[in-house]
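Enquirer: Sequence and predicted structure below; questions after.
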Amino acid sequence: MILFFGTRPGKPETAQLLHATCPYCQQKGTLTAVATKNYFHLFWIKLFKISKTTIAECSHCKGGFYENEFTEEMNSELPK
């Protein structure tokens with residue numbers, strides 16, 4: 001019997017952070033957050049979430065921020 005298993009990413013979820021200020025250029029409403037979840041799968045069926053990565057990018061200065069660099073203002077704007 002052959003088992004196909006492994007990990008694969010889910011669909012990225014994008015959210016505009018309209019009331020958050022960019023920590024680098026101090027522009028308000030220019031941040032976009034992208035969250036990607038990785039899943040364990042068996043026969044190409046997602047079984048459970050392994051990890052989640054969130055990255056934010058400023059459209060004004062093109063600065064990128066990882067989740068550990070988010071300010072409290074950015075964290076409060078993220079969808080749950």
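Expert: On my side now, so go ahead.
Enquirer: use CA for all of it now, contacts and neighbours both
Expert: Will do.
Enquirer: Contacts only, for residue 63.
Expert: Listed by C-alpha atoms under 8 Å, 6 or more residues apart in numbering, the contact set of residue 63 reads 24, 57.
Enquirer: hmm, try it at 7 Å
Expert: residue 57 (C-alpha atoms under 7 Å, 6 or more residues apart in numbering).
Enquirer: For residue 75, see how far away it is.
Expert: In this structure, residue 63 and residue 75 are 17 Å apart, going by C-alpha to C-alpha, to the nearest Å.
Enquirer: What of residue 51?
Expert: Residue 51 sits 18 Å away from residue 75, taking C-alpha to C-alpha as the criterion.
Enquirer: again, but for residue 39
Expert: For residue 39, the distance to residue 75 equals 23 Å [C-alpha to C-alpha].
Enquirer: Between those two, tell me which one has more neighbours.
Expert: When residue 39 is set against residue 75 and neighbours are counted by other C-alpha atoms under 10 Å, the residue ahead is residue 39, at 19 against 14.
Enquirer: In this structure that one contacts residue 49, no?
Expert: Yes. Residue 39 is within contact range of residue 49, at 4.4 Å (criterion: C-alpha atoms under 7 Å).
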